[in-house]
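Participant: have a look at this fold, sequence not included:
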């Protein structure tokens, strides 16, 4: 067992190896390293993936609060990929032997160049290349997914990104879960009551940089006649050019809403107290913006 093999090893300071209590099959070995930033501080929650020589994923996870990565794998040849927000990915190789310890030592991640921010000015959402979708738990099991087919939005990019603002209007009646009966129910007074509340609106003038390409976009969401503060956890994806040469920028955002906060309280309880529809709604936005008045090609 590798626990016995590791138990016989000591560090240069004479202390027992910290992996001595790890027990894995005798046909396996252990791959370790410590992930650091350029000033030798540990990078916690860096994501890692170990793949075999055929490119198949064997194991993955995150580094611990001290930047340490430990993976027990069958003996063989492996590739290790480590990624962390704001850093350039690391890729290396390792050979793991039976009952062996393949230590890669300290892996230093280099700071990545952040993607170019969009130019200051007036931008608008490119509807043909954007989507607003959501999902909710059904009877405590699988998720029901849907989207809103009709929406519009404008973004004012400030001289500093932190001074930007956005306004999005969504047609509540355009909800689409691919089941007409369910969509009609969602449009009714039990849920969105689109006859009285035809639109949902989100306005934000608070853009906060969270490091790397992560931003928090906070603002007021008005839904079902109720306004609540909502924060979009946003990943800025950079700028590029479309097939007509137009400049565009892209962002992926997520948020979690609670129906009760917006007085969407309809519910049916099933046996054993299981709710037919979960109270938590996961919202996902894939948005591309273009300079106002540019227009965009359909593909």
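Facilitator: Structure received. For clarity, every value in this text was computed on a predicted model and none was experimentally measured.

Participant: give me the pLDDT value at residue 91.
Facilitator: Residue 91 carries a pLDDT score of 95 in this model.

Participant: check the one 10 residues further on too.
Facilitator: Residue-level confidence at residue 101 comes out at 90, pLDDT.

Participant: isn't it right up against residue 32?
Facilitator: Yes: between residue 101 and residue 32 a contact is recorded at 6.9 Å, counting by Cβ atoms under 8 Å. Where C-beta positions appear, they are placed from N, C-alpha and C, glycine not excepted.

Participant: and residue 219, that one's in a helix?
Facilitator: No: assessed with DSSP: H, G, I helix; E, B strand; the rest coil, residue 219 is strand; it does not lie in a helix.

Participant: from what I see, it and residue 229 are in contact.
Facilitator: Yes: counting by Cβ under 8 Å, a contact exists between residue 219 and residue 229, whose distance comes to 7.2 Å.

Participant: which of those two has more neighbours?
Facilitator: Residue environment comparison for residue 219 versus residue 229 gives the larger neighbour count to residue 219, 20 against 11, counting by other Cβ atoms under 10 Å.

Participant: in contact with the more buried one, which residues?
Facilitator: With contacts taken as Cβ atoms under 8 Å, 6 or more residues apart in numbering, residue 219 has the following neighbours: 166, 202, 203, 204, 205, 206, 229, 230.

Participant: same check on residue 76?
Facilitator: Counting by Cβ under 8 Å, 6+ apart, residue 76 touches 52, 53, 95, 96.

Participant: circling back: go ahead and build a ChimeraX selection from the buried members of the contacts of residue 219.
Facilitator: When burial is assessed using 16 or more other Cβ atoms under 10 Å, the buried subset of the contacts of residue 219 is captured in ChimeraX by this command:
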select :166,202,204,205,230
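
Participant: in strands only, show me the contacts of residue 219.
Facilitator: Secondary-structure check on those using DSSP state E: residues within strands are 166, 202, 203, 204, 205, 206, 229, 230.

Participant: please name the nearest non-neighbouring residue to residue 177.
Facilitator: In this structure, residue 177 finds its nearest non-sequential neighbour in residue 146, 3.6 Å apart by Cβ to Cβ, 6 or more residues apart in numbering.

Participant: what distance do you get for that neighbour to residue 171?
Facilitator: Using Cβ to Cβ, to the nearest Å, one obtains 14 Å as the distance from residue 146 to residue 171.

Participant: with neighbour numbers in mind, choose between the two.
Facilitator: The residue with the greater number of neighbours, taking residue 146 and residue 171 and applying other Cβ under 10 Å, is residue 146; the counts read 19 against 15.

Participant: quick one: buried residues of the longest helix along the chain?
Facilitator: Among the elements of the chain assigned as helix by DSSP state H, the one spanning the most residues is helix 180-187. Applying a neighbour-count criterion of 16+ other Cβ under 10 Å, the buried positions in helix 180-187 are 183, 186, 187.

Participant: ok, stretch 207-214 next?
Facilitator: 207, 212, 213.

Participant: tell me the one among these nearest to residue 196.
Facilitator: Within those, distances to residue 196 taken as Cβ to Cβ reach their minimum at residue 207, with 32.2 Å.

Participant: let me know the pLDDT of that closest one.
Facilitator: As predicted, residue 207 sits at a pLDDT of 97.

Participant: so where's the stretch 151-299 of the chain uncertain?
Facilitator: When the per-residue scores of the stretch 151-299 of the chain are filtered using pLDDT under 70, the ranges that remain are 266-278, 295-299.

Participant: could you pull out the strands for it?
Facilitator: For the stretch 151-299 of the chain, strands defined by DSSP state E, counting those that start in this stretch occupy the ranges 151-157, 165-171, 175-176, 199-211, 214-223, 226-241, 247-258, 277-291.

Participant: start to end distance for stretch 134-148?
Facilitator: Stretch 134-148 has an end-to-end distance of 9 Å (Cα to Cα, to the nearest Å).
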